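**Q** no sequence on this one, just coordinates:
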């Protein structure tokens, strides 16, 4: 999902992955600009169904996976 590191998006991600019957995987693409903060996703960082990519939907290279950074 795009914008998943923001206040609302990160809560949505946490809720999806917290469900006991969750078989979902969530990939977040966020540019981490004014409201996106990696710390919002810290509770799900090690969840096996979670991945994070820092990038901008307007940049062609954003689809390239990047490792988690602190």
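**A** Received the coordinates, thanks. Here the structure is a predicted model, which means the values were calculated and not measured.
**Q** secondary structure class for the spatially most central residue of the chain?
**A** Nearest to the mean C-alpha position of the chain, counting by Cα atoms, centre = their mean, stands residue 28 at 3.1 Å. At residue 28, secondary structure determined by DSSP: H, G, I helix; E, B strand; the rest coil is strand.
**Q** now residue 40
**A** Assignment for residue 40 (three-state DSSP): helix.
**Q** which ones are touching the nearest residue to residue 49 once chain neighbours are set aside?
**A** Distances taken as Cβ to Cβ, 6 or more residues apart in numbering place residue 25 nearest to residue 49, at 3.9 Å, with adjacent residues excluded. Where you see a C-beta, it was placed from the backbone N, CA and C, and this is true even at glycine. Neighbouring residues of residue 25 by Cβ atoms under 8 Å, 6 or more residues apart in numbering: 49, 50, 51.
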